[in-house]
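Enquirer: quick one, structure for this:
(one chain, ligands or ions: 1)
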Amino acid sequence: MTIRTTCPYCGVGCGVLATPDEQGGLTVRGDPDHPANRGRLCVKGAALGETVATQGRLLTPRIDGAEASWDRALDLVADRFAAAVRDHGPDSVAMYVSGQLLTEDYYAANKLMKGFIGSANIDTNSRLCMASSVAGHRRAFGSDTVPGLYEDLELADLVVLTGSNLAWCHPVLHQRLMAAKAARPDMRIVVIDPRRTATCEGADLHLAIAPGADAHLFNLLLCHLFDTGRIDAGFMPHVAGLDVALSAARRADPAATGLEPCDLSAFLEMWAATDRVVTVYSQGINQSDTGTDKVNAILNCHLATGRIGHPGMGPFSVTGQPNAMGGREVGGLSNMLACHLELENPDHRDAVRAFWNAPRMAERPGLKAVDLFRAVEEGRIKALWIIHTNPAVTMPDADRVARAIAACDFTVVSEAWPDTDTARLAHVLLPATAWGEKDGTVTNSERLISRQRAALPAPGQARPDWWAVAQVARRMGFRGFGWTEPAQIFAEHAALSGVAGALGGDFDISDLAGADYEALAPVHWPQGPAQRAGRFFGTGRFHTPDGRARMAPVMARLPDHPVGRMLLNTGRTRDQWHTMTRTGLSPRLARHLAEPYLQLHPDDAGRLGLAAADLAQVDSPQGRAILRVMISDAVRPGHPFAPIHWSGQSASAGRIDALVAGQVDPVSGQPASKAAAVTVGRF
Ligand code: SF4
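Expert: Numbers count the residues shown, from 1 in each chain. Sure thing, here's the model as predicted:
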């Protein structure tokens, strides 16, 4: 029997048809009826069937390395969390979760922490991915709302991709874009990226911008729009702050962009002269210590021209993970409440408290990821639960984070595999179901809710994450966690969103509370005539108190570049995913780029005496990595690139986040993972 499910990797959220075979495996193909991919799959999605073997899986709970029963493990977790709360207060416990979680898992964890334990110390690895987009949306729109849909990329006359290697990181969306351009060759595509990536191959113009100069560029665009009379006067009653945004934008410096004046002028006029323009952005914008400002510099240009909420136009943040959006919807970030409600708003807290019948609501935002692990390091967190993520590899300053986790009084890790760098540090390991065995929902980058369905039985004693969270909550004496299946959690989440909708929030899927969960087909939110075909803001009504959008004044600033150091750019490769726990199981995927590497400009290589395939030693104040040299003029001099996927404790393992400093954007708390100051030499 073939099961309709959803890919567990990137935020495109492709539909997958999975058919179990007689050997316990799966064959997969793209779901032709799924709106996100219409039958397409990229190489990672197509290899999913090669990654479902149960060899090496964590099959039973473990306490201090020894196998244990679920009852013993859950009792211990509940006892230690309850003791920490009793002895040190609710903020002495924390959860660190993941955009890999299904919405139902996320909902359960968020409810336990924010409504019952009484602390908002639950953050997610989405903090490393798109927190600056969330902050920028909230600052401009009054809500964390992605205005557009994927089809807007196909309908646009100009698609600008900035800080996004869409061809490798969101391949099926890139395929859709390329197909649209093939059908309509007049469509123009501009890629703004310091690096010449695979995405540039399909573009009309590549602007190899100076690293981190995006806010300068979009501030220059705002000035150009004003100076050439392209501000949409009819939309301005819906927008506040043009004057202050423009005044700040006047400080932008064309020279800071590093672009030739003719290329810069061509881009500014192309954008200004094109009504149907979509600006796609991703981690290249977000992963910066000025990420929120960069997001707002982009949003300002769309607001100033009213190019938002209509077919073929708008700013578009593409998320990295399969359920980063679902996590935002349930309030998985430490500064959010459930259903896009505000933790700082007493009315919102009261509404959620009443709905949950919560005994102890969190009253203020909790610790964001980098600060959360600093609190672990300082001994302020006495009990920590990490679910489906590998922060000992992926957090900035990863060595320090690994040491902090190792020294924590009590660490629980929910995982499918027992040998990740983080799982090895756990006092209690809880065996979790993985893709192919899990049942729930995810939301992709265009607000499309899809079902992930189980096609295989759970191996050994592996259980869903929502179940483990609910079991601990019940053992801690809390009511409201009596679910026996994910459909009940989804119905509760949908019903709570109706409360949020009544408070004027954007996220309201209450019409799905009574839906047939088993048969649930992919569905966009919002639905209904008030919105234009699932888009937001076309009517000019925003989620601020006065209904007007806010243009933020952005003072553009380049990243600090210490003398004598290079600024290392980091990112994904085409065929691997995160720390490779799943994609690493496919030999086919390993053939693309088989080992950690450093992409280095020929001028830098010559100066350092490094040849192709040499081993380079890359050092930062935080750590060291030994990487294979790949010489290429695709990167700028002084700005090498290294991929993030490899793990392991030695420097030769190539763990890139060990080099990244824990410097964050002051608004979003997102780390500046795209600009690690390093020295490079021969190993
Ligand atoms: Fe999966 Fe993303 Fe590839 Fe689609 S584009 S198959 S969601 S990795």
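Enquirer: contacting residues for the residue of the stretch 101-250 of the chain found nearest the ligand?
Expert: The stretch 101-250 of the chain approaches the ligand most closely through residue 172 (3.6 Å), counting by C-beta to the nearest ligand atom. Any C-beta I mention is one placed from the backbone N, CA and C, and that applies to glycine too. Applying C-beta atoms under 8 Å, 6 or more residues apart in numbering to residue 172 gives the contacts 12, 14, 36-37, 40-42, 45.
Enquirer: so which bits of the stretch 151-300 of the chain are right by the ligand?
Expert: 170-172 (C-beta under 6 Å from any ligand atom).
Enquirer: now, those that are in helices?
Expert: 171-172 (DSSP state H).
Enquirer: got the residues of the stretch 151-300 of the chain next to the ligand as TSV, with pLDDT columns?
Expert: Compiled in TSV, these are given as follows (pLDDT from 0 to 100):
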residue	pLDDT
170	97
171	97
172	98
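Enquirer: for the stretch 451-600 of the chain, which residue gets nearest to the ligand?
Expert: residue 577 (7.3 Å).
Enquirer: repeat for the stretch 201-350 of the chain
Expert: For the stretch 201-350 of the chain, C-beta to the nearest ligand atom, closest residue to the ligand: residue 322, 6.7 Å.
Enquirer: that residue contacts residue 10, correct?
Expert: Yes. Assessed by C-beta atoms under 8 Å, residue 322 is found in contact with residue 10 at 6.9 Å.
Enquirer: follow-up on the earlier one: tell me which residues touch the residue nearest to the residue of the stretch 451-600 of the chain closest to the ligand when sequence neighbours are not counted, please.
Expert: The shortest distance from residue 577 to any residue other than its chain neighbours is 4.5 Å, reached at residue 583 (C-beta to C-beta, 6 or more residues apart in numbering). Neighbouring residues of residue 583 by C-beta under 8 Å, 6+ apart: 9, 44, 47, 51, 575-577, 589.
Enquirer: how about 6 Å then?
Expert: Neighbouring residues of residue 583 by C-beta atoms under 6 Å, 6 or more residues apart in numbering: 576-577, 589.
Enquirer: what is the nearest of those residues to residue 423?
Expert: residue 577 (17.2 Å; C-beta to C-beta).
Enquirer: neighbour count for residue 322 and residue 10, which is higher?
Expert: residue 322 (30 against 27; other C-beta atoms under 10 Å).
Enquirer: list the residues that contact the more buried one.
Expert: Per C-beta under 6 Å, 6+ apart, neighbours of residue 322: 8, 442.
Enquirer: I'd say residue 167 and residue 176 touch.
Expert: No. Counting by C-beta atoms under 6 Å, residue 167 stays clear of residue 176, with 11.7 Å between them.
Enquirer: still on that earlier bit, which ones, among the contacts of residue 172, also lie beside the ligand?
Expert: 12, 14, 37, 41-42, 45.
Enquirer: let me have those residues in CSV, extended by secondary structure and distance to residue 106.
Expert: Formatted as CSV, these follow (DSSP: H, G, I helix; E, B strand; the rest coil; distance: C-beta to C-beta, whole Å):
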residue, secondary structure, distance to residue 106
12, coil, 19
14, coil, 20
37, coil, 23
41, coil, 25
42, coil, 25
45, helix, 22
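Enquirer: what's the closest of those to residue 109?
Expert: residue 12 (24.6 Å).
Enquirer: now that closest one, what are its backbone angles?
Expert: phi -60, psi -40 (degrees, to the nearest 10).
Enquirer: residue contacts, it?
Expert: Contacts of residue 12 by C-beta under 6 Å, 6+ apart are 36, 170, 172-173.
Enquirer: buried ones among those residues?
Expert: Buried members of the contacts of residue 12, scored by 16 or more other C-beta atoms under 10 Å, are 36, 170, 172-173.
Enquirer: export those to a markdown table and tack on distance to residue 460?
Expert: As requested, these are exported to a markdown table (distance: C-beta to C-beta, whole Å):
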| residue | distance to residue 460 |
| --- | --- |
| 36 | 32 |
| 170 | 34 |
| 172 | 33 |
| 173 | 36 |
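Enquirer: and which of these is nearest residue 391?
Expert: Among the buried ones among the contacts of residue 12, and counting by C-beta to C-beta, the member closest to residue 391 is residue 170, at 23.8 Å.
Enquirer: pull the contacting residues for that closest one.
Expert: 10, 12, 318.
Enquirer: show me which residues of stretch 646-665 are buried.
Expert: For stretch 646-665, by 16+ other C-beta under 10 Å, it's 646-647, 651-665.
Enquirer: quick one: which of the residues you listed sit in strands?
Expert: Counting by DSSP state E, none of the members of these fall within strands.
Enquirer: what distance do you get for residue 591 to residue 575?
Expert: 8 Å (C-beta to C-beta, to the nearest Å).
Enquirer: okay, these two: which has more neighbours?
Expert: Neighbours per residue (other C-beta under 10 Å) separate residue 591 from residue 575, with residue 575 holding more: 22 against 9.
Enquirer: beta partners for the residue nearest to residue 534 when sequence neighbours are not counted?
Expert: Computed as C-beta to C-beta, 6+ apart, the closest residue to residue 534 that is not its neighbour in sequence is residue 524, at 4.2 Å. Taking DSSP bridges as the rule, residue 524 bridges to residue 448.
Enquirer: check contacts around residue 524.
Expert: 447-448, 534.
Enquirer: please list which of those also come close to the ligand.
Expert: Counting by C-beta under 6 Å from any ligand atom, no member of those reaches the ligand.
Enquirer: any chance of these in CSV, plus pLDDT?
Expert: What follows is those, written out as CSV (pLDDT from 0 to 100):
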residue, pLDDT
447, 94
448, 95
534, 81
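Enquirer: in ChimeraX, select just the buried ones from these.
Expert: Per 16+ other C-beta under 10 Å, the buried members of the contacts of residue 524 correspond to this ChimeraX selection:
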select :447,448,534
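Enquirer: tabulate the contacts of residue 524 (CSV), appending distance to residue 334.
Expert: Listed next are the contacts of residue 524 as CSV, based on distance: C-beta to C-beta, whole Å:
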residue, distance to residue 334
447, 22
448, 26
534, 29
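Enquirer: name the nearest of the contacts of residue 524 relative to residue 269.
Expert: Nearest member of those to residue 269, counting by C-beta to C-beta, is residue 534, at 31.5 Å.
Enquirer: tally of neighbours for whatever residue of the chain ends up closest to the ligand?
Expert: Relative to the ligand, the nearest point of the chain is residue 45 (2.4 Å; C-beta to the nearest ligand atom). Residue 45 has 23 neighbouring residues, counting by other C-beta under 10 Å.
Enquirer: right, and it touches residue 8 too?
Expert: No. Between residue 45 and residue 8 there is no contact under C-beta under 6 Å: 9.0 Å.
Enquirer: tell me where the stretch 451-600 of the chain has strands.
Expert: Ranges of strands within the stretch 451-600 of the chain are 523-524, 549-550, 566-571, 597-600, based on DSSP state E, counting those that start in this stretch.
Enquirer: can I get those in JSON lines including distance to residue 433?
Expert: Compiled in JSON lines, these are given as follows (distance: least, C-beta to C-beta, whole Å):
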{"stretch": "strand 523-524", "distance to residue 433": "24"}
{"stretch": "strand 549-550", "distance to residue 433": "42"}
{"stretch": "strand 566-571", "distance to residue 433": "29"}
{"stretch": "strand 597-600", "distance to residue 433": "34"}
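Enquirer: among these, which is nearest residue 4?
Expert: strand 523-524 (13.4 Å).
Enquirer: any low-confidence regions in the stretch 401-550 of the chain?
Expert: 528-533 (pLDDT under 70).
Enquirer: again with the chain
Expert: 528-533.
Enquirer: domain boundaries for it, per the record?
Expert: Following automatic domain parsing, one gets these domains for the chain: 3-51, 62-129+325-483, 131-318+545-550, 566-682.
Enquirer: okay, the ones you listed in a markdown table with distance to residue 489 next?
Expert: Formatted as a markdown table, the domains of the chain follow (distance: least, C-beta to C-beta, whole Å):
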| stretch | distance to residue 489 |
| --- | --- |
| domain 3-51 | 17 |
| domain 62-129+325-483 | 4 |
| domain 131-318+545-550 | 21 |
| domain 566-682 | 24 |
